[in-house]
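In: Below are the sequence and a predicted model; questions follow.
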Amino acid sequence: MSTYVMIHGAWHSGAELEPVAALVRASGHSVFTPTMTGNRPGDPKTTGLEDAIQSILDFISESNLDDIVLLGHSYGGIVITGVADRMASRIRRLVYLSAFVANNGESLSDLVPSHYPGLLTSLGDGSVVLPFPIWRDAYINDADLETARRAYDRLNPHPLKTFTDKLVVRTNPAEMAMPKSFINCTEDTALPHSFPLHPRLSEKLGLYRLVQTPGSHELCFSNPARLAQAVIEAGRD
Amino acid sequence: MSTYVMIHGAWHSGAELEPVAALVRASGHSVFTPTMTGNRPGDPKTTGLEDAIQSILDFISESNLDDIVLLGHSYGGIVITGVADRMASRIRRLVYLSAFVANNGESLSDLVPSHYPGLLTSLGDGSVVLPFPIWRDAYINDADLETARRAYDRLNPHPLKTFTDKLVVRTNPAEMAMPKSFINCTEDTALPHSFPLHPRLSEKLGLYRLVQTPGSHELCFSNPARLAQAVIEAGRD
Amino acid sequence: MSTYVMIHGAWHSGAELEPVAALVRASGHSVFTPTMTGNRPGDPKTTGLEDAIQSILDFISESNLDDIVLLGHSYGGIVITGVADRMASRIRRLVYLSAFVANNGESLSDLVPSHYPGLLTSLGDGSVVLPFPIWRDAYINDADLETARRAYDRLNPHPLKTFTDKLVVRTNPAEMAMPKSFINCTEDTALPHSFPLHPRLSEKLGLYRLVQTPGSHELCFSNPARLAQAVIEAGRD
């Protein structure tokens, strides 16, 4: 049985991955869903990417976890690359879930279309939020309106600096020794379908295991059971 | 509950969408499947795109429909863009089903590979038909031969002028205020798979909701139940 | 009912297609799974592409088969193109299963990324093998580790010359008179997902029937039942 550490995406916290985690646990695995600095209640919204990465390094150290399947959702993909670079010996496999794959010197903002930052609403404290119409039709297109609204209400304003800070790693993902997986949700339109996460960014992993599942970018809300199955297939051996 | 108006594609009439409409109605919605000018029995085959659009504008006016989910299949996608431009206040959402998305000044012929017009057989009265081998393997690849033949026998010769006339709209789809959906059938090979309807044309919608379903361009014949489910997911809220 | 001749891929023999063949037979068809020269026990590993093609021409002649649905998996796609060129009158339909589509003068090596040959391990007798990590994550990504290992143990070293020999045909697939199908396994990452078999190579077939199924390049091991269904849909009429 495996030890999963699942890292949430922007605007999320670990709690949003709990329904998935519960189902993965039901198959006998240990699963942890820490919330990164910047997304905890009361966190300053000036948090940068290094702070977020450090908070996961600290969590793993303090929890004495080893032989980890480290999963990152969306923005969390950049964070797990940073964690893997500094804590390689504790990680058995990296799993990118509808995730950004950054090399050294790249920020999340470098990997999205140039008009994307303009779609976000700034709250003036360093954080940005996603307007509901974009959330509903481009992020959680596979859910009904009630699920979309309930999920939206759980999001927290996200520190913009974590999007614009450039990742600093000694080794790019393709050259990292541990194996990697990428879970592609086939109706994920968080990025334009012709400028997608997969295969545009997944291929930066070099050799990796592709797992696909029907669903949107926010399958953690719309179908936790299907996502749990994909996580298990991505993380086994 | 919603009011759907479903606009058929080239060579089809509204009757071919009735099995899908019946299943959408079974979920409590009102569904209308008018046949456009050019595809009714006895229509002159010199009909142009404006005539086709006008026939739907007339249908909506005469039926006193409002708050409409307006769906267009294939060629019907060009027609609903024209209808939406002139009757925006009556439309709640546009749904493009394996459909062409045209901007002002574009014709259907502008959006297909240059060798495509040569694949069609002219009947000499202004209409064209699709040879059966193309229908069977590229349009309805997911059905058995008997279904493919039975469906083919129901098609009517299509007025070529509706393919070559350029759409005239004041507003392109991406700038229209109402929300939009695109249903992509993942085995749709009516256009070459590397020059596809989706995402090549769907992205002209700007922000839109993607719904995908297994099936060919002619899912209305091969699996009306699966298509009805996709229509409901595309049209809800 | 149809007569299927199913041609295996590199490193495989006909025996690996038997679980699929058995399920296709259960629907009433005749199915043959010959092993090509170069992959039989004791074959010299200096076998070239012509020898492999000739061994299938001989098999069909000696077995007196006619009206054949001729299927080729992966490398086998190049072989069936060669067979079809010389024995067109005996073939009803060509089915390419996660397969290479070569024109006259092209070798398999011409159709893969330039770094691919370097991924293989040479055994010094003219044959090459696929390292297990590549097999596990890029070829049979949809199976569990035990299935991946058991399948790997059945592979045989493959004669490299069959990859580098150029196909010699008078007619390219798109111009061949018999209809064609392509089965795309949607998680097939044997080639990079942005440099794929489908649609990059499938479109060289011209008009063809696309059948898609979830699964990896090695669906014959991971889900023979699903593959058998796809084979039947690809080969019917």
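Out: Arrived safely. If you're wondering where the values come from, they're calculated on a predicted model, not measured in any experiment.

In: and A:Asp144, what does it touch?
Out: B:236-237 (C-beta atoms under 8 Å, 6 or more residues apart in numbering or on different chains). Yep, even glycine has a C-beta here, placed from its N, CA and C like the rest.

In: residues from chain A in reach of chain C?
Out: Residues of chain A lying near chain C by C-beta under 8 Å from any C-beta of the partner chain: A:179, A:181, A:198-200, A:202-203, A:207-212, A:233, A:236-237.

In: What about these, which are in helices?
Out: Using DSSP state H, the subset of the residues of chain A next to chain C located in helices is A:Glu233.

In: From the residues of chain A next to chain C, pick the one nearest A:Gly118.
Out: Nearest to A:Gly118 out of these is A:Arg200 (C-beta to C-beta; 20.8 Å).

In: which residues touch the residue sitting nearest the centre point of chain A?
Out: The centroid of chain A falls nearest to A:His73 when counting by C-alpha atoms, centre = their mean (1.8 Å). By C-beta under 8 Å, 6+ apart, the contact set of A:His73 is A:6-9, A:12, A:17, A:97-99, A:220.

In: Please apply the same query to A:Phe182.
Out: By C-beta under 8 Å, 6+ apart, the contact set of A:Phe182 is A:95-96, A:99, A:101, A:198, A:202, A:205, A:208-211, A:234.

In: pLDDT weak spots in chain A?
Out: Applying pLDDT under 70 to chain A flags no residue at all.

In: can you rerun that using 90?
Out: Under the criterion pLDDT under 90, the flagged ranges of chain A are A:117, A:193-194.

In: what's the longest helix in chain A?
Out: Secondary structure of chain A read by DSSP H shows that its longest helix is helix A:49-63.

In: And for it, what's in contact with it?
Out: Contacts of helix A:49-63 (C-beta under 8 Å, 6+ apart): A:5, A:7, A:32, A:34, A:36-38, A:68, A:78-80, A:82-83, A:86-87, A:90, A:107, A:161-162, A:165-168.

In: What of stretch A:225-236?
Out: If you take C-beta under 8 Å, 6+ apart as the criterion, stretch A:225-236 is touched by A:2, A:4, A:6, A:20, A:23-24, A:27, A:29, A:69, A:71, A:93, A:95, A:97, A:181-183, A:209, A:211-215, A:219-220, C:142, C:144-145.

In: returning to that earlier point: drop anything exposed from the contacts of helix A:49-63.
Out: Buried members of those, counted by 16 or more other C-beta atoms under 10 Å in any protein chain shown: A:5, A:7, A:32, A:34, A:36-38, A:68, A:78-80, A:82-83, A:87, A:90, A:107, A:161-162, A:165, A:167.

In: mind listing which of those residues are in helices?
Out: Members of these lying in helices (criterion: DSSP H): A:78-80, A:82-83, A:161-162.

In: Check which helices and strands the one helix or strand A:Val128 maps to sits against.
Out: Assigned by DSSP states H and E, A:Val128 belongs to strand A:127-129. On a contact count with 3 or more C-beta pairs under 8 Å, 6 or more residues apart in numbering or on different chains; DSSP states H and E, strand A:127-129 meets strand A:121-122, strand A:158-159.

In: picking that back up, filter the contacts of A:Phe182 down to the buried ones.
Out: Among those, those classed as buried by 16+ other C-beta under 10 Å are A:95-96, A:99, A:101, A:198, A:202, A:205, A:208-211, A:234.

In: Hmm, A:Cys220 is touching A:Glu18, no?
Out: No - using C-beta atoms under 8 Å as the test, A:Cys220 is too far from A:Glu18 to be in contact (9.1 Å).

In: Any idea which of the helices and strands packed on strand A:127-129 gets closest to C:Val128?
Out: strand A:158-159 (48.8 Å).

In: I'd like the distance from that closest one to the chain centre, please.
Out: On the basis of C-alpha atoms, centre = their mean, to the nearest Å, strand A:158-159 sits 14 Å off its chain's mean C-alpha point.

In: Pull up the pairing partners for it, direction included.
Out: Looking at strand A:158-159 with DSSP bridges, its partner strands are strand A:127-129 (antiparallel).

In: after the partner strand comes which helix or strand?
Out: According to DSSP H and E, the helix or strand after strand A:127-129 is helix A:132-134.

In: mind checking the SS state of A:Ile183?
Out: strand (DSSP: H, G, I helix; E, B strand; the rest coil).

In: how far away is it from A:Ala26?
Out: Distance, A:Ile183 to A:Ala26, using C-beta to C-beta, to the nearest Å: 19 Å.

In: These two: who's more crowded?
Out: A count of neighbours by other C-beta atoms under 10 Å in any protein chain shown puts A:Ile183 above the other of A:Ile183 and A:Ala26, at 27 against 10.

In: re the thing from before, in strands only, show me the contacts of stretch A:225-236.
Out: A:4, A:6, A:69, A:71, A:93, A:95, A:97, A:181-183, A:209, A:211-213 (DSSP state E).

In: quick check, nearest of those residues to C:Pro44?
Out: Among these, and counting by C-beta to C-beta, the member closest to C:Pro44 is A:Arg209, at 35.1 Å.

In: what sits opposite that closest one in the beta ladder?
Out: Beta bridges link A:Arg209 to A:Ser181 when assigned by DSSP bridges.

In: my read: it touches C:Asn141, true?
Out: Yes - when contacts are counted by C-beta under 8 Å, A:Arg209 is listed as touching C:Asn141 (4.6 Å).

In: Excluding sequence neighbours, find me the nearest residue to A:Ser194.
Out: Once flanking residues are discounted, A:Ser194 sits nearest to B:Pro199: 4.5 Å by C-beta to C-beta, 6 or more residues apart in numbering or on different chains.

In: which residues touch the one you found?
Out: So B:Pro199 contacts A:192-194 (C-beta under 8 Å, 6+ apart).

In: Just the buried ones among those residues, please.
Out: Buried residues within the contacts of B:Pro199, counting neighbours by 16+ other C-beta under 10 Å: A:192-193.

In: can you redo the contacts of B:Pro199 as JSON lines with secondary structure?
Out: As requested, the contacts of B:Pro199 are exported to JSON lines (three-state DSSP):
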{"residue": "A:Pro192", "secondary structure": "coil"}
{"residue": "A:His193", "secondary structure": "coil"}
{"residue": "A:Ser194", "secondary structure": "coil"}
